[in-house]
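Novice: pasting a predicted model and its sequence here:
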Amino acid sequence: MIANNIFRLIGDFCTNYAFAIYDTFRSTDGWWASNLMNIVIFMIASIALVYWMGEMVKHSKDPNAL
């Protein structure tokens with residue numbers, strides 16, 4: 001019963017709060033307006049990935065690294 005409540009809580013959070021911004025995009029007619037949030041998230045993730053890979057290269061070149 002407790003596990004069922006946890007999964008319902010996660011589902012309610014995602015439906016009502018985390019993805020609420022997407023409800024506003026459903027009513028728009030343009031492709032750019034609808035996908036602006038996805039483009040922004042993709043750009044942030046891409047920048048973070050490039051930064052992380054740069055840090056990994058620095059770490060692998062360090063002779064004192066474990």
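Specialist: Everything's here; your move. Numbers count the residues shown, from 1 in each chain.

Novice: can you give me how far stretch 47-60 is from the chain middle?
Specialist: Per Cα atoms, centre = their mean, to the nearest Å, the displacement of stretch 47-60 from the mean C-alpha position of its chain is 19 Å.

Novice: buried residues of it, list them for me.
Specialist: Buried residues in stretch 47-60, counted by 16 or more other Cβ atoms under 10 Å: none are found. Bear in mind the C-beta positions are built from the backbone N, C-alpha and C, glycine included.

Novice: quick check: which ranges of the protein have low pLDDT?
Specialist: Applying pLDDT under 70 to the chain flags residues 65-66.

Novice: give me the most central residue, it.
Specialist: When Cα atoms, centre = their mean is applied to the chain, the residue found nearest the centroid is I41 (6.1 Å).

Novice: by contact count, what packs against the strand or helix carrying that one?
Specialist: Counting by DSSP states H and E, the element that carries I41 is helix 31-61. The contact analysis (3 or more Cβ pairs under 8 Å, 6 or more residues apart in numbering; DSSP states H and E) places helix 31-61 against helix 21-26.

Novice: so who does the residue lying closest to F25 once chain neighbours are set aside touch?
Specialist: Excluding its sequence neighbours, the residue lying closest to F25 (Cβ to Cβ, 6 or more residues apart in numbering) is S34, at 4.9 Å. Residues in contact with S34 (Cβ atoms under 8 Å, 6 or more residues apart in numbering) are F25, R26, T28.

Novice: just the buried residues of stretch 20-32, please?
Specialist: Buried-residue list, stretch 20-32, by 16+ other Cβ under 10 Å: empty.

Novice: now do that stretch: everything it contacts.
Specialist: Residues from elsewhere that reach stretch 20-32, judged by Cβ under 8 Å, 6+ apart: A33, S34, L36, M37.

Novice: redo those residues as TSV? Include distance to I21.
Specialist: Output for the contacts of stretch 20-32, formatted as TSV (distance: Cβ to Cβ, whole Å):
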residue	distance to I21
A33	12
S34	11
L36	10
M37	6
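
Novice: what is the nearest of these to Y17?
Specialist: Of all the contacts of stretch 20-32, Y17 sits closest to M37, with 14.9 Å by Cβ to Cβ.

Novice: great, nothing more from me.
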